[in-house]
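Asker: all I have is the shape, not the residue letters:
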């Protein structure tokens, strides 16, 4: 089983996972080739009985929505120099028996996406992956005027970027309330799929609060509106013509639309935008736990009434969770009085809690409910242990994370670390995003702190056992 972004594609032309037609590769947004059903944070819906007649509704006036908003939807093209770590998994072949033809650092890079204007003086929202690494960003309006855009800030965690162009009296969209969306509501997407300007596609909300593998911080809106490469950053409208989401990703084995698309809720995007406009950066909260979903077997084992909540499997030393007394085996069932359905929902809510704020958690421990107060830490300020771990990863040129329990099960592995980004020495050795590091010099690898300790015992070189697909190979990396 290979952990690279084949099935979850970023919906920007040139940035989808099966190979970048314009030279960009997708970040590792999904660590599995198998499109397993994503976890939903949505509250259970009480089904209507057979005797309840459901009155038909009138479809939205899509023509009016497009006419009112098309002038505020823009096309975005970017240009820059491609870093060696950004090359596509299909652009070159490495140590697994293929010809080794890495793309030179500094090769031209072009990509295309969509966006929309939120203020008449030229403030725009789009996806962070649309402008990631770009040296030049051009915004094209529906009347074919073009502007050079300044990136005020981009937050990779939420995949939100804020741009600014020098314009006056520009058309703007109206922002709605994504919390009011319900499954079954009509939605309309406008963008530039494959560079085709002002393309509108319609569908419904298929699910809410989707927590995607490798992207647990965003409670995505799932829709069946046709979204394709080039739609990234474009708006998703409700039936009233208000923006309720930003189109971001699709599930696909081909790189194109296959009926499942994901949008970032506009309420979350507004919070990110306000922080970027105010300070140029975004702060995310961090609790410092590894959590997993509760299935029926675990619910029975922990004597829970239902399979809901976030089960703590590990507590990081010197973290907010450690200081609050949280333990492995605790099940977080409420966060600030809001029920927690699964691990993804907890991650999303902690992520948007300002660092330094106090949060009240209700946990299930030894068949009892306990209230715990935690002062949320900052995701940008690692603990002392995290700092050492980050230094170890930087030495290798790798960004790593542990395999999640479901990933280990699907891949048939007992441990390992997934490569999320690669540069420097590791990139030169041929390691790619999505590879799984299984061992160091034959010692099975279970955690990043273990990797750090193993590196300390080596002065010049280590050999990493890498799994890619069904292949395994030791790759030597210099530590000099």
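Answerer: It's in. Please read all numbers here as calculations on a predicted model, not as lab measurements.
Asker: pLDDT below threshold where in the stretch 101-250 of the chain?
Answerer: Scanning the stretch 101-250 of the chain with the threshold set as pLDDT under 70 gives 101-109, 213-216.
Asker: domain ranges for this protein?
Answerer: For the chain, automatic domain parsing gives the domain ranges 1-41+61-283, 285-378, 391-478.
Asker: most packed of the ones you listed?
Answerer: domain 1-41+61-283 (a mean of 21; mean count of other C-beta atoms under 10 Å). Any C-beta I mention is one placed from the backbone N, CA and C, and that applies to glycine too.
Asker: chain center to that one: distance?
Answerer: Between the centre of domain 1-41+61-283 and the centre of its host chain there is 11 Å, according to C-alpha atoms, centre = their mean, to the nearest Å.
Asker: so for residue 52, which of the domains of the chain sits nearest?
Answerer: Closest to residue 52 of the domains of the chain, according to C-beta to C-beta: domain 1-41+61-283, at 15.0 Å.
Asker: quick check: beta-bridge partners of residue 476?
Answerer: In this entry, residue 476 is beta-bridged to residue 463, by DSSP bridges.
Asker: just residue 359 next, same as before
Answerer: Under the criterion used (DSSP bridges), residue 359 bridges to residue 374.
Asker: now residue 335
Answerer: residue 338, residue 361.
Asker: quick one, helices of this structure?
Answerer: All helices of the chain, identified by DSSP state H, fall at 62-69, 128-131, 266-279, 296-301, 320-324, 343-351, 384-396, 405-411, 424-428, 448-456.
Asker: elements contacting the first one?
Answerer: Put plainly, it is helix 62-69. Contacts defined by 3 or more C-beta pairs under 8 Å, 6 or more residues apart in numbering; DSSP states H and E place helix 62-69 against strand 186-191, strand 199-212, strand 235-237.
Asker: one more pass at 7 Å, please.
Answerer: Helix 62-69 sits against strand 186-191, strand 199-212, with contacts defined as 3 or more C-beta pairs under 7 Å, 6 or more residues apart in numbering; DSSP states H and E.
Asker: again, but for the third one
Answerer: Applying 3+ C-beta pairs under 7 Å, 6+ apart, one finds that helix 266-279 contacts strand 146-155, strand 160-164, strand 242-251.
Asker: need the ones you listed in a markdown table (columns: distance to residue 423).
Answerer: Listed next are the helices and strands packed on helix 266-279 as a markdown table, based on distance: least, C-beta to C-beta, whole Å:
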| stretch | distance to residue 423 |
| --- | --- |
| strand 146-155 | 18 |
| strand 160-164 | 21 |
| strand 242-251 | 23 |
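Asker: these: which one's closest to residue 66?
Answerer: strand 242-251 (13.3 Å).
Asker: next, the angle from the closest one to strand 186-191.
Answerer: Interaxial angle of strand 242-251 relative to strand 186-191 (axes from the mean of the first three to the mean of the last three C-alpha atoms, to 10 degrees): 70 degrees.
Asker: outside of strand 242-251 itself, list whatever touches it.
Answerer: Strand 242-251 is contacted from outside by 7-11, 29, 35, 116, 125, 127, 159, 173-176, 178, 181, 189, 191, 221, 227, 231-238, 257-258, 260-266, 269, using C-beta atoms under 7 Å, 6 or more residues apart in numbering.
Asker: if we go to 6 Å?
Answerer: Outside of strand 242-251, the residues within contact range by C-beta atoms under 6 Å, 6 or more residues apart in numbering are 7-11, 35, 127, 159, 173-176, 178, 181, 189, 221, 227, 231, 234-238, 260-266, 269.
Asker: returning to what we had before: dump the helices and strands packed on helix 62-69 to CSV, plus distance to residue 73.
Answerer: Compiled in CSV, the helices and strands packed on helix 62-69 are given as follows (distance: least, C-beta to C-beta, whole Å):
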stretch, distance to residue 73
strand 186-191, 5
strand 199-212, 9
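Asker: those: which one's closest to residue 478?
Answerer: Closest approach to residue 478 among the helices and strands packed on helix 62-69 is made by strand 199-212 (35.5 Å; C-beta to C-beta).
Asker: partners of the closest one, with directions?
Answerer: Using DSSP bridges, the strands paired with strand 199-212 in its sheet are strand 39-40 (antiparallel), strand 186-191 (antiparallel), strand 215-223 (antiparallel).
Asker: got a list of what the residue lying closest to residue 161 once chain neighbours are set aside touches?
Answerer: Excluding the flanking residues, the one nearest residue 161 by C-beta to C-beta, 6 or more residues apart in numbering is residue 154, at 3.9 Å. Residues in contact with residue 154 (C-beta under 6 Å, 6+ apart) are 128, 131, 161.
Asker: what about the closest residue in space to the first one that isn't next to it in sequence, distance to residue 138?
Answerer: Meaning residue 128. Leaving aside its sequence neighbours, residue 128 sits nearest to residue 154 (C-beta to C-beta, 6+ apart; 4.0 Å). Using C-beta to C-beta, to the nearest Å, one gets 16 Å for the distance from residue 154 to residue 138.
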